[in-house]
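Engineer: Any chance you could fold what I've pasted below:
(2 chains)
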Amino acid sequence: MPIKNKRLSEEQYTHNFSEIHPPFENKEAALVEATRCLFCYDAPCIKGCPTRINIPKFIKQITTGNIQGSAHTIFISNIFGGGCSRVCPVEKLCEGNCVYNLLEEKPIEIARLQRWATDKIINNKTRVFERKPSIGKKVAIVGAGPAGLSCAHVLSREGVDVTVFEKESKGGGLMTFGIAAYKVTPEFCAAEVDFITSIGGIEIKYNSELGKNITLEELQKNYDAVYLGIGVGLANKLNIPGEELEGVVDAIKFIYDIRTNSLANIPVGNKVAVIGMGMTAIDAATQSKRLGADEVTMIYRRSESEKNCTQVELDIALLDGCKMQWLASPKEIIGENGKVKLLVCDVMKLGLPDHTGKPAPTPTGETIRLEVDMVIKATGQSPFVDLVNTYGLENIKGKISVKNKSQTNINGVYAGGDAVNGGKEVVDAVQAGKDGASAILSFLSDS
Amino acid sequence: MASLETNFLGIKSPNPYWLASAPPTDKKINVLRAFEAGWGGVVWKTLGSQVKNVSSRYSAINFHGGKVMGFNNIELISDRPLDINLKEIVEVIKEFPDRAMIVSLMADNNKQSWHELIKKVEDTGAHGIELNFGCPHGMTERGMGAAVGQDPEIAKMVVEWVMEAAHIPVITKLTPNVHSVVPTGKACVQAGTNALSLINTIQSVTGIDLDTLVPNPYVGGKSVFGGYCGPAVKPIALKFLATISQNEITNKVPVSGIGGISTWKDAAEFLLLGASSLQVCTAAMTHGFRIIEDLCEGLLSWMEEKGYNTIYDFIGKSVPTLTHWEDLDINYHHVANINQDKCIHCGLCYIACEDTSHQSISITQGNPYNTYSIKEEECVGCNLCQLICPVENCITMIEHRVAPEYLNWKEFQARGLPLNDH
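Structural biologist: Numbering: from 1, shown residues only, chains lettered A, B, ... in the order given. So this is what the prediction gives:
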């Protein structure tokens, strides 16, 4: 059976894409969990959060019945606190550091509590922040993703008038377009963007793409400072024969389509190979399976211990029935009538650590052949090399180079998030946005 | 095999646990259920002139996720007709002749009322009488309950009236709403009471509804001071019990211990401080009569571990270890020790010591886990860190005597030894 859509019934789609981490059903359940928190001093969980949310404090506030205060504690550090509570790989961040792990006890469900504290506030657009009076400065932000909107919110709080230019017709960036649908719903992403902009002083201009209908020069001319939160582009190329065949798809595009169409309209192969072992690869593999693919195999050139995803993520894929092909590197895709038919992989062995610090995989000379009809590429994403070069932004292979966390080589132009780090977690981008905002605020006060 | 059998002034029960005079002992149906569950005895809810109760009647204090750490009531004595109560007492005794049946009494404030009431109760076949000199709400406004217990002279007078008429053992129940229970206790013993029981409830306001701004329990827009009990009052009860056990007049009579007993450990503590029967109420009201099972099993298991065959092998054993401050050994010193293998790096010991104690714990920053260790030379041995540490036996107190010999404060002063220089 070739690549096709409508493999499942509506009920099956709904079931397969229902939330994987359901919220607390009621206050009592949240309180039982919140009460377990020890209220650590200089808490390890905070150190695990790139945005440094004061986790013991917000949990304590849940136990005292101060839910709005709890939400404020979260949002003051991370305005995407609602989304992050759904999409963060907390097992390697806050929850991974919880001291209960050292007692071989279940860590505090920080993410779920964070969702409990933030959900009602976001849905009701409760006013948590008061914007300071306008200081008469204007900042342009490119990209309404986590970095851009996080930067925008901090600036607006401080009385800066912000205009955000977004190439899509919706805000949220990767939160909205790049994450598995069973983690965060499109409705929530829209509500989150509305909540963030409800502070006022933030105007988002949609369908505005840098390099197409706006230029950096214009922004520099019309605004006091510019922040680039442009993210990264499509998946890296495999650079192997057969990559152009019908059925070879980009994981980012695949996930984007799932996020922007009804599930029944998303075509998926019968036998799918996903190349890569990061979070995006997992999201692509699990969603292929959930869309009705019979067989999904994840291909990784190193072994399980070097995987980029967390164990929790890997377990999701395994529970979904995805197979793992460790120590295999795509060598060639063979087609029939222009369509994918076979994936040939080199069998690899691991050697000494390479520049990444991980053992370098080298071919053993043996190959394996997998019968597949769809190949999804998820081996990292390519930065917008041409775009940043066009504007003379210093960069390394397209990743914008910054000093002091966010300052580019161009005066008054700042950058952060995936565009700088090449693609990390949402929560890293949120922190980058905060760093950018504080650099811009001191730039504005100096100029 | 150890036994919990109890003989209190000749009143026998299979175990020392009696249900205290309170709502659970107000009716035959409740008491039968308690005896079926295994309770050793009951003190029937206070009888006297029939009263009228209000609604609501209870309120509580919850703490850190736990319900009813403290409990409060504004219920009066039995609001059922005396005749029905007396009839039911007769029926219960007939069904469970091996259990202790004590009846709590609070007659109107004259000798004749007391004598009439005692006669009626003795006719039921009850094994003993408990005088309610402790109820702190409602009845006090009528010159009864705690109003009697708070004045040794009045208490003595009432006990004398009672002793003129009583043929069965009389237990006088004391109120804690005094600076010391000893004066009333002494007066009652001198007036002839056969035993004492304590404590009754403590006057309290448990909290205020932050929407209506009316304290609880709420009665049509108003509230009154209530009687506080439950786990929260146990330390106060133990202290009052100890003072009765230390006094040479009051320790001549047996004592029934009351106040927040919820577990077999609490029970052991009351017995160790001199109680020879135990009364329980709040724990049963929050979890039902089935708690009697572990109250008995846990106590028996501990007794067997310690080699005690009966409760009389250890009653009062801790009383001599409570002394005067000036007799404490100043040369005794211990310091905290953190077992690094057990430490989970929560930092609670550090911040408590640093903010509120003696800055005796050092911090070494780590990512994500800091390391904490004791500065032995700074540690005063206060126990705070050990008390708040969430891991059992992670922080222990290690003895570091200042000098081998015993030295108390009087001797310390007499020798002109130096005080601390910090």
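Engineer: State the pLDDT value of the closest residue to A:Gly422 other than its chain neighbours.
Structural biologist: Of all residues not flanking A:Gly422 in the chain, A:Lys399 sits nearest, at 4.9 Å (CB to CB, 6 or more residues apart in numbering or on different chains). No exception for glycine: its C-beta is placed from N, CA and C like everyone else's. A:Lys399 carries a pLDDT value of 97.
Engineer: mind listing what A:Lys399 touches?
Structural biologist: A:Pro383, A:Ala419, A:Val420, A:Asn421, A:Gly422 (CB atoms under 8 Å, 6 or more residues apart in numbering or on different chains).
Engineer: Now whichever residue of the stretch 301-447 of chain A sits closest to chain B. Its backbone dihedrals?
Structural biologist: Nearest residue of the stretch 301-447 of chain A to chain B: A:Val427, at 15.5 Å (CB to the nearest CB). Dihedral angles of A:Val427 (phi, psi; degrees, to the nearest 10) stand at phi -60, psi -30.
Engineer: what sits against it?
Structural biologist: A:Cys49, A:Pro50, A:Thr51, A:Asn78, A:Phe80, A:Cys84, A:Cys88, A:Leu93, A:Pro146.
Engineer: Check B:Ala126 too.
Structural biologist: So B:Ala126 contacts B:Trp44, B:Ile89, B:Ile93, B:Met101, B:Ile102, B:Val103, B:Ile168 (CB under 8 Å, 6+ apart).
Engineer: who wins for neighbours among the residues you listed?
Structural biologist: Using other CB atoms under 10 Å in any protein chain shown as the neighbour test, the contacts of B:Ala126 are led by B:Ile102, with 32 neighbours.
Engineer: now the helix or strand hosting it, how far from the centre of its chain.
Structural biologist: Using DSSP states H and E, B:Ile102 falls within strand B:100-106. Between the centre of strand B:100-106 and the centre of its chain there are 19 Å (CA atoms, centre = their mean, to the nearest Å).
Engineer: what is the residue nearest to A:Gly422 paired to in the beta sheet?
Structural biologist: Beta-bridge pairing for A:Lys399 (DSSP bridges): A:Ile396.
Engineer: how close does it sit to A:Leu245?
Structural biologist: 30 Å (CB to CB, to the nearest Å).
Engineer: Convert the C-alpha atoms of stretch A:408-426 to CSV, please.
Structural biologist: The C-alpha coordinates for stretch A:408-426 follow below in CSV (Å, rounded to 0.1, in the frame of the first residue of the first chain):
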residue,chain,number,x,y,z
THR,A,408,25.0,40.6,16.4
ASN,A,409,27.8,42.3,14.5
ILE,A,410,25.3,45.0,13.3
ASN,A,411,24.6,47.8,15.8
GLY,A,412,21.1,47.7,17.1
VAL,A,413,20.4,44.3,15.7
TYR,A,414,20.0,41.4,18.1
ALA,A,415,19.2,37.7,17.6
GLY,A,416,18.3,34.6,19.6
GLY,A,417,16.7,31.2,19.7
ASP,A,418,17.1,28.5,17.0
ALA,A,419,18.6,31.1,14.6
VAL,A,420,21.6,31.4,16.9
ASN,A,421,21.8,28.0,18.6
GLY,A,422,20.8,25.9,15.5
GLY,A,423,17.8,24.3,17.1
LYS,A,424,17.2,23.6,20.8
GLU,A,425,14.2,23.4,23.0
VAL,A,426,11.3,25.9,23.1
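Engineer: pLDDT of that stretch, averaged?
Structural biologist: For stretch A:408-426, the per-residue pLDDT averages 97.
Engineer: So which bits of it are buried?
Structural biologist: A:408, A:410, A:412-423, A:425-426 (16 or more other CB atoms under 10 Å in any protein chain shown).
Engineer: in the stretch 51-200 of chain A, which spans are strands?
Structural biologist: Applying DSSP state E, counting those that start in this stretch to the stretch 51-200 of chain A gives strands spanning A:138-142, A:161-165.
Engineer: ok so, going back, ok, the strand holding B:Ile102: who's next to it in the sheet?
Structural biologist: strand B:41-48 (parallel), strand B:128-132 (parallel).
Engineer: what's the next secondary structure element after it?
Structural biologist: helix B:111-122.
Engineer: What are the buried residues along that following helix?
Structural biologist: B:Ser113, B:Trp114, B:His115, B:Leu117, B:Ile118, B:Lys120, B:Val121.
Engineer: quick one: the residue of chain B most remote from its centre from chain A, how far?
Structural biologist: Largest separation from the mean C-alpha position in chain B: B:Asn367, at 46.8 Å (CA atoms, centre = their mean). B:Asn367 sits 6 Å away from chain A, going by CB to the nearest CB, to the nearest Å.
Engineer: Need the nearest residue in space to that residue, chain neighbours excluded.
Structural biologist: A:Lys47 (5.9 Å).
Engineer: Just give the number of residues close to that neighbour.
Structural biologist: 19.
Engineer: Confirm that A:Pro363 sits in a helix.
Structural biologist: No - residue state for A:Pro363 (DSSP: H, G, I helix; E, B strand; the rest coil) corresponds to strand; a helix is not indicated.
Engineer: What does the pLDDT read for it?
Structural biologist: For A:Pro363, the predicted pLDDT is 97.
Engineer: what do you get for B:Asp421?
Structural biologist: So, for B:Asp421, pLDDT stands at 62.
Engineer: Could I get the contacting residues of A:Arg157?
Structural biologist: A:Arg157 touches A:Phe129, A:Arg131, A:Lys132, A:Ile199, counting by CB under 8 Å, 6+ apart.
Engineer: Give me the subset of these that also touch chain B.
Structural biologist: Cross-checking the contacts of A:Arg157 against chain B (CB under 8 Å from any CB of the partner chain) gives no overlapping residues.
Engineer: so which of the residues you listed is the most crowded?
Structural biologist: A:Ile199 (19 neighbours).
Engineer: count of residues packed around the nearest residue to B:Leu272 once chain neighbours are set aside?
Structural biologist: Of all residues not flanking B:Leu272 in the chain, B:Ser318 sits nearest, at 3.9 Å (CB to CB, 6+ apart). For B:Ser318, the count of nearby residues is 17 (other CB under 10 Å).
Engineer: Quick check: the gap between B:Ser318 and A:Asn123.
Structural biologist: 58 Å.
Engineer: again with B:Asp98
Structural biologist: Taken as CB to CB, the span from B:Asp98 to A:Asn123 is 63 Å.
Engineer: again with A:Cys88
Structural biologist: 20 Å.
Engineer: Kindly report the same for A:Glu158.
Structural biologist: Distance from A:Glu158 to A:Asn123, by CB to CB: 26 Å.
Engineer: So for the two, which sits in the more crowded spot?
Structural biologist: A:Glu158 (18 against 15).
Engineer: What parts of the stretch 1-150 of chain A come near chain B?
Structural biologist: A:31-32, A:35, A:38-45, A:47-48, A:63, A:97, A:99-100, A:102-103.
Engineer: for residue 155, what are its contacts?
Structural biologist: Using chain A here. Applying CB under 8 Å, 6+ apart, the residues near A:Leu155 are A:Val139, A:Val162, A:Ala437, A:Ile440, A:Leu441.
Engineer: switch to chain B, that's the one I care about
Structural biologist: B:Phe133, B:Val148, B:Gly149, B:Thr172, B:Thr184, B:Ala187, B:Cys188, B:Ala191.
Engineer: give the contact list for A:Leu8.
Structural biologist: A:Asn16, A:Ala264, A:Leu291, A:Gly292.
Engineer: The second one and A:Tyr182, how far apart?
Structural biologist: According to CB to CB, A:Ala264 stands 16 Å off from A:Tyr182.
Engineer: So which of those two has more stuff around it?
Structural biologist: Set A:Ala264 next to A:Tyr182 and count neighbours by other CB under 10 Å: A:Tyr182 wins out with 18 against 15.
Engineer: pLDDT at the more buried one, what is it?
Structural biologist: Model confidence at A:Tyr182 (pLDDT) stands at 92.
Engineer: wait, it sits on A:Tyr13?
Structural biologist: No - using CB atoms under 8 Å, A:Tyr182 is not in contact with A:Tyr13; the gap is 10.9 Å.
Engineer: Could you measure from whichever residue of the stretch 101-250 of chain B sits closest to chain A over to A:Thr64?
Structural biologist: Using CB to the nearest CB, the single residue of the stretch 101-250 of chain B nearest to chain A is B:Leu210, 9.5 Å away. Taking CB to CB as the measure, B:Leu210 falls 12 Å from A:Thr64.
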